[in-house]
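Enquirer: Generate coordinates for the sequence data below:
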Amino acid sequence: MIRVATITKAALAGSLMLVLTGCEIGPKKIEQTGFRGTGGDQITAVNRLVDQPVPAPPYETPDDSGPRAGETYQNVKVLNNVSAEQFNHLMAAITTWIAPPEQGCNYCHNPENMASDEVYTKVVARRMLQMTININQNWKPHVKETGVTCYTCHKGNAVPKNVWAMADAPAGTPIRTMSNKHGQNTPAATVAFTSLPYDPFTTYLGAKNNIRVQSASALRGPTPGPSIAKTEKTYALMMHMSSALNVNCTYCHNTDSFSSWDNSRPQRVGAWYGIRMVGEINNKYIASLASVFPANRKGPYGDVLKANCTTCHQGLNKPLGGVSMVKDYPALMGTTAAAPATAVPLPAATPTVSAPVTAAADGNVAAPASGQ
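Expert: Presented below is the predicted three-dimensional model:
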């Protein structure tokens, strides 16, 4: 009996360890954000709140006087209206933000002809500069005045560590010939190790689909509501966002009614814009480089590596802990640089929590409307 009991306890302990491998173990920070007893506490994993060192500018930011970059250098297509001094300052910073140390400027340039576009990374960098200016100019409801720079996502890496492409199954998943798991039931880091669909990004961050699944009608009837499969994919993206920002659901929602905008926290509006901002990033800027990127910079289906919430946030509700780097690089704010032609204007009125918002048919932000 003793031997059997010992074996049983060992088996139980092993089972518990297996179950808990999908949980985030460690100290938690709890902050009460609502009335006591309403379940409005914010719970964050302390072990993920690592220091976010932010590099200092290469040297003091020069003023914008003097000859323009377009007058000084050849083939400057985006920052041509910036002063040559500010242009040089930004180029020096970008080299430390992105380029491998052993390559430096040569990561994007032919050292024999700096104006040449023969190195594909220069073409990519030009497009990413347009994207960054567009974010800082036209997506303030999400990035506020903090803004973004190349470092926000890259953090010293040639390719940001947190990107995605169309997925058949997470890396290492054994091939199943006798069953079709329909893209789920395989715990994946992308959706906080749940068994929900592990690629909600293709549907919601790579296409112009409405994420909302709230319905007033039953699944059966003349006008059935969203399917369970669509609801699970929506929930998968919500789990991704929760993990990406290291927050729980009540960071945006009130648990008495997840669908209610009137009861939601202001962060929900920022998240609404964030989803649409990332969709625009992927569709208008990154996907447009499909013919430029080599095969080793693409996913298994040949689509380019794209952005999601983790790309910028990396476990913090504010990227880089809320530190603003863009103030040292005014060219990235588009104040003097020519705004990219693909910039999308914001609606006349920014939506508020009490005025829920909707998406236009083309996926761009639209004026607030009830029911969305």
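
Enquirer: now stretch 53-72: mean pLDDT?
Expert: The predicted model gives stretch 53-72 an average pLDDT of 93.

Enquirer: first vs last residue of that stretch, how far apart are they?
Expert: Between the start and the finish of stretch 53-72 there is a gap of 34 Å, counting by Cα to Cα, to the nearest Å.

Enquirer: Tell me where the stretch 1-150 of the chain is predicted with low confidence.
Expert: In the predicted model of the stretch 1-150 of the chain, residues 1-26, 34-40, 46-52 satisfy pLDDT under 70.

Enquirer: Quick check: closest non-adjacent residue to the spatially most central residue of the chain.
Expert: Residue closest to the average C-alpha location in the chain (Cα atoms, centre = their mean): Cys309, at 2.5 Å. The spatial neighbour of Cys309 that comes closest, neighbours along the chain excluded (Cβ to Cβ, 6 or more residues apart in numbering), is Ala244 at 3.7 Å. (Glycine included, C-beta is placed from N, CA and C.)

Enquirer: pLDDT score for that neighbour?
Expert: The model reports Ala244 with a pLDDT of 94.

Enquirer: dump the residue contacts of it.
Expert: With contact taken as Cβ atoms under 8 Å, 6 or more residues apart in numbering, Ala244 is in contact with Asn308, Cys309, Thr310, His313, Gln314, Gly315.

Enquirer: Need the three-state assignment for it.
Expert: helix (DSSP: H, G, I helix; E, B strand; the rest coil).

Enquirer: So Pro141 versus Asp262, what's the distance?
Expert: For Pro141, the distance to Asp262 under the criterion Cβ to Cβ, to the nearest Å works out to 19 Å.

Enquirer: So the chain: which segments form each domain?
Expert: Domain assignment of the chain by automatic domain parsing yields the ranges 68-161+323-341, 182-313.

Enquirer: TSV for those domains, including distance to Ala45?
Expert: As requested, these are arranged in TSV below (distance: least, Cβ to Cβ, whole Å):
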stretch	distance to Ala45
domain 68-161+323-341	18
domain 182-313	6
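
Enquirer: Let me know which of those domains is the nearest to Ala56.
Expert: Set against Ala56 and scored by Cβ to Cβ, those come closest in domain 68-161+323-341, at 8.4 Å.

Enquirer: any chance of the contacts of Ala244 in CSV, with secondary structure, distance to Thr194 and pLDDT too?
Expert: Written out in CSV, the entries for the contacts of Ala244 read as follows (DSSP: H, G, I helix; E, B strand; the rest coil; distance: Cβ to Cβ, whole Å; pLDDT from 0 to 100):
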residue, secondary structure, distance to Thr194, pLDDT
Asn308, coil, 16, 97
Cys309, helix, 15, 97
Thr310, helix, 15, 96
His313, helix, 18, 95
Gln314, coil, 20, 92
Gly315, coil, 17, 90
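
Enquirer: Tell me the most packed of those, by neighbour count.
Expert: Scoring the contacts of Ala244 on neighbours with other Cβ atoms under 10 Å, the highest-scoring entry is Asn308 at 24 neighbours.

Enquirer: For that residue, give me its contacts.
Expert: Asn308 makes contact with Asn162, Val163, Trp164, Thr190, Phe201, Leu205, His240, Ala244, Val278, according to Cβ under 8 Å, 6+ apart.

Enquirer: who wins for neighbours among these?
Expert: The residue in the contacts of Asn308 with the most neighbours, by other Cβ under 10 Å, is Phe201 (28 neighbours).

Enquirer: what's near enough to touch that one?
Expert: Phe201 makes contacts with Trp164, Thr190, Leu237, His240, Lys306, Asn308, as judged by Cβ under 8 Å, 6+ apart.

Enquirer: Mind putting the residues you listed into a markdown table with distance to Gly70 and secondary structure?
Expert: Shown next, in a markdown table, are these (distance: Cβ to Cβ, whole Å; DSSP: H, G, I helix; E, B strand; the rest coil):
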| residue | distance to Gly70 | secondary structure |
| --- | --- | --- |
| Trp164 | 36 | strand |
| Thr190 | 42 | helix |
| Leu237 | 41 | helix |
| His240 | 41 | helix |
| Lys306 | 31 | strand |
| Asn308 | 35 | coil |
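
Enquirer: Just name the closest of those to Leu129, please.
Expert: Closest to Leu129, out of all of these and judged by Cβ to Cβ, is Lys306, at 17.6 Å.

Enquirer: Look up how far Leu289 lies from Val124.
Expert: When Cβ to Cβ is the yardstick, Val124 and Leu289 sit 6 Å from each other.
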